[in-house]
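Novice: structural data only, the sequence is not supplied:
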Ligand code: MN
């Protein structure tokens, strides 16, 4: 038995190295909430919530406002019976980022108590993953310059943000492809296109001989019919991001055959629901990506250990800690260019 004695929330503000612009959203900084749980014998577990107002309607204030509720539920609970804690977390339906931070902190403490590494507890599939790096929306020239820089830094996969201007987006992809040949490309429209625009984009890019590895969230998150329409009219695999927050969203999309990929983000679903989404996808031949919101290295650590432990993600888009200003990496991993490795 190992009972939770105390829970602390610590708010931390970060600024982006350069403003992060995606379709219909512009951010210069992020405010995250770190969660520390402590057991009666003094073992501590850590997690981080990076709330997304755009995707989930959460803010750091809304997360912090739940501290007393979290205390009333968690204090006295045994971390060794963690599935009971996970079950209680399902009542925080409007705060998935907090659910992840708490659930991960519980696992972290449990693993420390038992002398096992989190990635091994989660399956121990591999000890390293490859991440992409993201180019946010700006002028064609700036986006090309950013892409060349990312290639020089040693990344093999670039995620390109689009969705605000179809003709400019086509020009951008063409130019980036011309200047960075040999890389793989993920295009993320963040719900920005109409179905016709999305199909037009995919066909034009394909006709120029450019391969896109994943075409992410081309259309409105609620328009599942259109997601499916794009899937079957695009030469490139289509991925749901904003459309999938819960395991029920994932099940619905799978039943409707709407996508080829699901992008799992711990901040959208909570940690335990992410595990369910993985199993749903694996049982229906849907491929997986793991992404992030604005996590610091503390939050990225959560996704790194899940991705290494399970070993089921075809693409890892875990780069937010590289895009914000952070004094030092505090995650339980080391990074060399595009490779993130859990510490031995
Ligand atoms: Mn996305």
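Specialist: Received, thanks. If you're wondering where the values come from, they're calculated on a predicted model, not measured in any experiment.

Novice: could you look up the SS state of residue 295?
Specialist: Three-state assignment for residue 295 (DSSP: H, G, I helix; E, B strand; the rest coil): coil.

Novice: pull the contacting residues for it.
Specialist: 32, 48, 50, 267, 302-303, 320-321 (CB atoms under 8 Å, 6 or more residues apart in numbering). For every residue, glycine as well, the C-beta is placed using N, CA and C.

Novice: regarding this structure, what is its longest strand?
Specialist: strand 4-22 (DSSP state E).

Novice: each with direction, which strands does the next helix or strand after that strand pair with?
Specialist: Later in the chain than strand 4-22, the nearest helix or strand by DSSP states H and E is strand 25-39. Paired strands of strand 25-39, with direction, are strand 4-22 (antiparallel), strand 44-49 (antiparallel) (DSSP bridges).

Novice: one step back: check whether the longest strand of the chain comes near the ion.
Specialist: No. Strand 4-22 stays clear of the ion (CB under 5 Å from the ion), getting no nearer than 7.9 Å.

Novice: flag every buried residue along that strand.
Specialist: 4, 7, 9, 14, 16, 20-22 (16 or more other CB atoms under 10 Å).

Novice: for stretch 110-125, same thing?
Specialist: Within stretch 110-125, judged by 16+ other CB under 10 Å, the buried ones are 110-112, 117-119, 122.

Novice: and stretch 39-47, by the same measure?
Specialist: In stretch 39-47, counting by 16+ other CB under 10 Å, buried: 39, 43, 45-47.

Novice: next one: stretch 163-170
Specialist: In stretch 163-170, counting by 16+ other CB under 10 Å, buried: 163-164, 166, 169-170.

Novice: which residues does the closest residue to the ion within the stretch 1-150 of the chain bridge with?
Specialist: Closest residue of the stretch 1-150 of the chain to the ion, CB to the ion: residue 22 (7.9 Å). Bridge pairing for residue 22 (DSSP bridges) gives the partners residue 25.

Novice: enumerate the residues of the stretch 51-200 of the chain near the ion.
Specialist: Close to the ion, as judged by CB under 5 Å from the ion, the stretch 51-200 of the chain has residues residue 188.

Novice: now the helices for the stretch 51-200 of the chain?
Specialist: 53-56, 60-64, 67-74, 82-89, 96-114, 118-121, 140-152, 166-179, 195-207 (DSSP state H, counting those that start in this stretch).

Novice: closest residue of the stretch 51-200 of the chain to the ion?
Specialist: Counting by CB to the ion, the stretch 51-200 of the chain gets nearest the ion through residue 188, at 4.4 Å.

Novice: which pair in the buried residues of strand 4-22 spans the largest distance?
Specialist: 4 and 21 (40.5 Å; CB to CB).

Novice: in a helix, residue 312, correct?
Specialist: No. Per three-state DSSP, residue 312 lies outside any helix segment and is coil.

Novice: just give the number of residues close to it.
Specialist: 17 (other CB atoms under 10 Å).
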